[in-house]
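Participant: Let me see the structure of the following:
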Amino acid sequence: MVPNAHNLNVGLIEMLKSYKLKLMLLGSSGSGKSSFINGINNNFIYGNNDNIGIAFRLVECYANENDIYKFLLWDLKDRPRFHFMFKDFCRGAYAGLLCFDLSDRNSFIALNYWINLLREGSGNIPIILIGTKKDLENREVQDQEILDLIQEKNLDTIFFSSIYEENDTKKEIFRYIVQKLDPNYDLSNFSIIPRELEDEEFKNFLDVFSICPICKSKLHYNALKTIFFSKNVDSIKIKDQLLNLLEEITNYEVPQYKNVKFGIPCCKCFSQIFEIE
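Facilitator: Sure, this is the predicted structure:
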């Protein structure tokens, strides 16, 4: 049973653009890097590997309602015994995020090491500075020093972050990176996707609607996620219809309808049912 099937076609058959980008997250020990990255509403999936001094963190964003950007952050740990591997780790990165503590001059001075590391490993990629702990009074790094470093090293820009602020700064940083990918891209809408693995409603949604009820093939995961998390008006309507159907399925106890299959047809089956070429 498919509610308003022609409307579902809008969200499921429309081609989605999906990008996967490698980012380097760098900074000296105590630079505020962990506080910055851990504060994005649990959007990150942690995969620490203490054997090689690195953690992999994933964050996904929607741009213009249907385009998905998956950022895999390589979070390098500032431990001397791992430094000899760092240049190789930087290869293939699209951009670098460099954190330093505004109240700690040493973390600012150390930026030269991290900048050189990125340039040697990844070439002339965009490098974004993140000045952390902006809320502290004992500031040791002044704006002019930062601007001089940006000009001297040909860096991109600077963002300032506080552990007490909302996520607007983090969102703008990733928005900036997406805009660097294509300066002509009309970025009218941008949001960070909540960590769906912790969303019970989304897991239930996947359990019911991830398999085509006709041919039993798996539906496109990104299409389902777009419907569920997108702020697009049409997607929200589709999501509401599907959640209402999910509630009805849960409460459906009429014996003669136990064999009725609920779900969303895949693209191929949808085209055959509605004779769409």
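
Participant: List the beta-bridge partners for the residue nearest in space to the middle of the chain.
Facilitator: In the chain, the centroid-proximal residue (Cα atoms, centre = their mean) is Glu60; its distance is 1.9 Å. Counting by DSSP bridges, Glu60 is bridged to Lys70.

Participant: Now do the contacts for it.
Facilitator: Neighbouring residues of Glu60 by Cβ atoms under 8 Å, 6 or more residues apart in numbering: Asn43, Ile68, Tyr69, Lys70, Phe71, Ile192, Ile193. From N, CA and C alone the C-beta is placed, and that goes for glycine too.

Participant: Which pair of those spans the longest distance?
Facilitator: Asn43 and Ile68 (13.5 Å; Cβ to Cβ).

Participant: So between the two, which is more surrounded?
Facilitator: Asn43 (22 against 19; other Cβ atoms under 10 Å).

Participant: re earlier: shared neighbours, Asn43 and Ile68?
Facilitator: Glu60, Ile193.

Participant: Outside of the strand or helix carrying Ser35 itself, list whatever touches it.
Facilitator: Per DSSP states H and E: Ser35 is located in helix 33-38. Contacts to helix 33-38, defined as Cβ under 8 Å, 6+ apart, come from residues 25-27, 44, 57, 73, 75, 99, 130, 132-133, 161, 163, 170.

Participant: and it, how far out from the chain's middle?
Facilitator: Distance of helix 33-38 from the chain centroid (Cα atoms, centre = their mean, to the nearest Å) equals 15 Å.

Participant: Same check on stretch 212-223?
Facilitator: With Cα atoms, centre = their mean, you get 24 Å for stretch 212-223.

Participant: Make sure I have this right: Ala223 is in a strand.
Facilitator: No. Residue state for Ala223 (DSSP: H, G, I helix; E, B strand; the rest coil) corresponds to helix; a strand is not indicated.

Participant: I'd like to know how far it sits from Gln241.
Facilitator: 15 Å (Cβ to Cβ, to the nearest Å).

Participant: Likewise for Glu137?
Facilitator: 53 Å.

Participant: Poorly predicted segments of the stretch 101-250 of the chain, please.
Facilitator: The model of the stretch 101-250 of the chain has pLDDT under 70 over residues 163-167, 194-200, 220-222, 226, 229-234, 246-250.

Participant: which residues in it form strands?
Facilitator: Under the criterion DSSP state E, counting those that start in this stretch, the stretch 101-250 of the chain carries strands at the ranges 127-132, 157-160, 190-192.

Participant: Check which helices and strands the first one is in contact with.
Facilitator: With contacts defined as 3 or more Cβ pairs under 8 Å, 6 or more residues apart in numbering; DSSP states H and E, the packing partners of strand 127-132 are helix 33-38, strand 95-101, helix 111-122, helix 143-153, strand 157-160, helix 168-181.

Participant: Of the contacts of helix 33-38, grab the buried ones for PyMOL.
Facilitator: PyMOL command restricting the contacts of helix 33-38 to the buried ones, with burial defined by 16 or more other Cβ atoms under 10 Å:
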select buried, resi 25+26+27+44+57+73+75+99+130+132+133+161+170
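
Participant: Dump the contacts of helix 33-38 into a markdown table; add distance to Asp186 as well.
Facilitator: Formatted as a markdown table, the contacts of helix 33-38 follow (distance: Cβ to Cβ, whole Å):
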| residue | distance to Asp186 |
| --- | --- |
| Leu25 | 28 |
| Leu26 | 31 |
| Gly27 | 33 |
| Phe44 | 28 |
| Arg57 | 28 |
| Leu73 | 26 |
| Asp75 | 31 |
| Cys99 | 30 |
| Ile130 | 26 |
| Thr132 | 31 |
| Lys133 | 35 |
| Ser161 | 27 |
| Ile163 | 33 |
| Lys170 | 22 |
